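**Q** Quick one, what's the 3D model for this:
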Amino acid sequence: MFARKLYMLASLIAQPAFGMHSALHPMPDNVFLDMHVTDIDPERGTILDIAAVLTDQNYNVRKEVYVVVHHEAPVLANINYYLKYSIDHLDLPKKVSNSIISMDQAERQMCSLFSVQEQPRSSILVGADHIISFRAFLKKFMPIFDQHISLVTPLHVPSIRKFIKYGNPSDPFFILEDTKSPTNSFEKVHGLLEELKYYKSRYITPNNNTDKEEFCVVLSDEDPVLF
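**A** Numbering: from 1, shown residues only. Predicted structure coming up:
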C-alpha cells in the first residue's frame, strides 16, 4: 500500500514533464488554491479571502488572483473558535471589513484565470489542509469558477511532503519550511507551488530501467524506491 501511494504521488507530480499525454489529450493545468473561511463547514461558514494560481503542466505560472471578500460585522462575529486565532493573527477581519468586493465580484475575478476557450472541468486542484472542504465552498459560493475544476481528487501537497520527508528528514528545504508563516492565502499558494516544483526537480525522476512510463521516488540517497 505504501508503494502504491508513492507511485500515485510520483505519477501526479512527474507526468507533465515527460509527455505522457498526447495532443488530443493534453495534460490539464493546475489550480493552486487556498482560502480563509469563517467555518470549515460551508453550511455554516463563508469565504473571507481566496487565492489561486493557475499553472501549466510544468508548474509555470500563467495567471494568479487574490481577493478579499467584504462581509459585515455579524459574519465576522461568527468566526469559528478554532479558526479565529489564525484569522485574527493575519488581521484579516479588518481587511474583510475594508474590502469593497462582493462574493459575486470575487467569483468573476477568480474566473479571469481562465480563457473563454477553456474547457470545463479541465484543471486539477492543488492545495494543502482542508482542500477537500475548500472545494465544497467553491461549489456553494463560486459555482461558475468551480466548473473549471476537474472532478479528479485534489492533489494534497502535505501528503507528498510526508512521504518524501520520511526518507529525507535532514533536507534543508524541510527545515526551512517548518519556520515559514504565510501572511495570507496568496503567500500560501505560492509556497505550495514552490514546494511542489522542488519535489519534482529533486525527488521525482523517470525510471530509466524500463521501457514503461514509470517513475522513481527517491526516499533517500541510498535507497530509492522504483516503480
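**Q** Tell me where the model's unsure across this structure.
**A** Applying pLDDT under 70 to the chain flags residues 1-27, 117, 178-179, 205-227.
**Q** how about Ile124, secondary structure?
**A** For Ile124, the assignment made with DSSP: H, G, I helix; E, B strand; the rest coil gives strand.
**Q** burial count for it?
**A** By the criterion of other CB atoms under 10 Å, Ile124 has 19 neighbours. (Glycine included, C-beta is placed from N, CA and C.)
**Q** Could you give the secondary structure assignment for Lys139?
**A** helix.
**Q** Find the residue closest to it in space, skipping its chain neighbours.
**A** Closest residue in space to Lys139, ignoring its immediate chain neighbours: Asp146 at 5.1 Å, by CB to CB, 6 or more residues apart in numbering.
**Q** Over to Gly191?
**A** The spatially closest residue to Gly191, leaving aside those adjacent along the chain, is Pro182, at 5.9 Å (CB to CB, 6+ apart).
**Q** hang on, the earlier thing: let me see the contact set for the residue nearest to Lys139.
**A** Contacts here follow CB atoms under 8 Å, 6 or more residues apart in numbering; on that basis Asp146 touches Arg135, Leu138, Lys139.
**Q** can you list those in a markdown table and add neighbour count and distance to Ile204?
**A** Shown next, in a markdown table, are the contacts of Asp146 (neighbours: other CB atoms under 10 Å; distance: CB to CB, whole Å):
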| residue | neighbour count | distance to Ile204 |
| --- | --- | --- |
| Arg135 | 19 | 25 |
| Leu138 | 25 | 28 |
| Lys139 | 14 | 31 |
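**Q** my guess is the residue nearest to Gly191 contacts Glu195, does it?
**A** No: with contact defined as CB atoms under 8 Å, Pro182 does not count as touching Glu195 (11.7 Å).
**Q** ok, the two, which is more surrounded?
**A** Glu195 (19 against 15).
**Q** wait, isn't the more buried one in contact with Leu155?
**A** No: taking contacts as CB under 8 Å, Glu195 lies outside contact range of Leu155: 11.6 Å.
**Q** So the residue nearest to Gly191: helix, strand or coil?
**A** Classification of Pro182 by three-state DSSP places it in coil.
**Q** In contact with Arg62, which residues?
**A** Taking CB under 8 Å, 6+ apart as the test, what Arg62 contacts is Asp29, Leu54, Thr55, Asp56, Leu113.
**Q** quick revisit: ok, of the contacts of Asp146, which one's closest to Tyr199?
**A** Nearest to Tyr199, judged by CB to CB, of the contacts of Asp146 is Arg135 at 22.4 Å.
**Q** Am I right that that closest one is in contact with Pro154?
**A** Yes: under the criterion of CB under 8 Å, Arg135 makes contact with Pro154 at 6.4 Å.
**Q** joint contacts of these two?
**A** Contacts common to Arg135 and Pro154, judged by CB under 8 Å, 6+ apart, are Leu125.
**Q** what about Val61, how many residues close to it?
**A** 12.
**Q** backbone phi and psi for it, please?
**A** Torsion angles at Val61 (phi, psi; degrees, to the nearest 10) stand at phi -70, psi 130.
**Q** residues contacting it?
**A** Here Val61 is in contact with Val53, Leu54, Thr55, Leu193 (CB under 8 Å, 6+ apart).
**Q** partners of it in the sheet?
**A** With DSSP bridges as the criterion, Val61 is bridged to Thr55.
**Q** Please, which helix or strand holds Glu107?
**A** helix 103-111 (DSSP states H and E).
**Q** what does that helix rub up against?
**A** 46-47, 50, 52, 65, 67, 69, 101, 141-142, 144-145, 148.
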